[in-house]
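Trainee: I'll drop the sequence and a predicted model, then ask my questions.
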Amino acid sequence: MAHDSTCIERDFKQMNGKKNRKKLKQKDSQLVIRINGEERNHFIGLCEQLDTSAAREIRRFIRSFVSKNDHSDDT
């Protein structure tokens, strides 16, 4: 059963919308930190065991920290 042109157009718009959202959240900055080598290696090892990356976990921590502590909307 073939898609009609309306379905194809809708699917294209949905796919294109996802691409545009990704561009808005594009990673365009770096954060350089100095930490103890043993801690770093332990962290990297744990991330590998958990099938994740150190960068992903640091980004997750930052988002969580900001969400929990950003009170800029409070009056």
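Mentor: Noted; the coordinates are in hand.
Trainee: give me the number of residues near residue 59?
Mentor: The tally of other residues near residue 59 (other Cβ atoms under 10 Å) stands at 13. For the C-beta atoms, the positions are set from N, CA and C on the backbone; glycine is no exception.
Trainee: Tell me who's in contact with residue 43.
Mentor: Contact analysis of residue 43 by Cβ atoms under 8 Å, 6 or more residues apart in numbering lists 54, 57.
Trainee: can you rerun that using 7 Å?
Mentor: Listed by Cβ atoms under 7 Å, 6 or more residues apart in numbering, the contact set of residue 43 reads residue 54.
Trainee: In the helix or strand harbouring it, which of the residues would be classed as buried?
Mentor: In this structure, residue 43 is located in helix 37-49 according to DSSP states H and E. Under the neighbour-count criterion of 16 or more other Cβ atoms under 10 Å, helix 37-49 has residue 47 buried.
Trainee: So which residues of the protein form helices?
Mentor: Under the criterion DSSP state H, the chain carries helices at the ranges 5-24, 37-49, 54-69.
Trainee: Low-confidence ranges, the chain, go.
Mentor: Counting by pLDDT under 70, the chain contains low-confidence residues at 1-24, 74-75.
Trainee: again, only this time at 90
Mentor: Counting by pLDDT under 90, the chain has low-confidence residues at 1-27, 71-75.
Trainee: one step back: next, the angle from the helix holding residue 43 to helix 54-69.
Mentor: Taking axes from the mean of the first three to the mean of the last three Cα atoms, to 10 degrees, one finds that helix 37-49 is oriented at 100 degrees with respect to helix 54-69.
Trainee: CA-only coordinates of helix 37-49, as PDB, when you get a sec.
Mentor: Below are the C-alpha coordinates for helix 37-49, written out as PDB (Å, rounded to 0.1, in the frame of the first residue of the first chain):
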ATOM      1  CA  GLY A  37      44.100  11.000  37.200                       C
ATOM      2  CA  GLU A  38      42.900   8.100  39.300                       C
ATOM      3  CA  GLU A  39      39.400   9.600  39.600                       C
ATOM      4  CA  ARG A  40      39.300  10.200  35.900                       C
ATOM      5  CA  ASN A  41      40.400   6.700  35.100                       C
ATOM      6  CA  HIS A  42      37.900   5.200  37.600                       C
ATOM      7  CA  PHE A  43      35.100   7.400  36.100                       C
ATOM      8  CA  ILE A  44      36.000   6.400  32.500                       C
ATOM      9  CA  GLY A  45      36.100   2.700  33.500                       C
ATOM     10  CA  LEU A  46      32.700   2.900  35.200                       C
ATOM     11  CA  CYS A  47      31.200   4.600  32.200                       C
ATOM     12  CA  GLU A  48      32.500   1.900  29.900                       C
ATOM     13  CA  GLN A  49      31.100  -0.800  32.200                       C
END
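Trainee: Cool, thanks, talk later.
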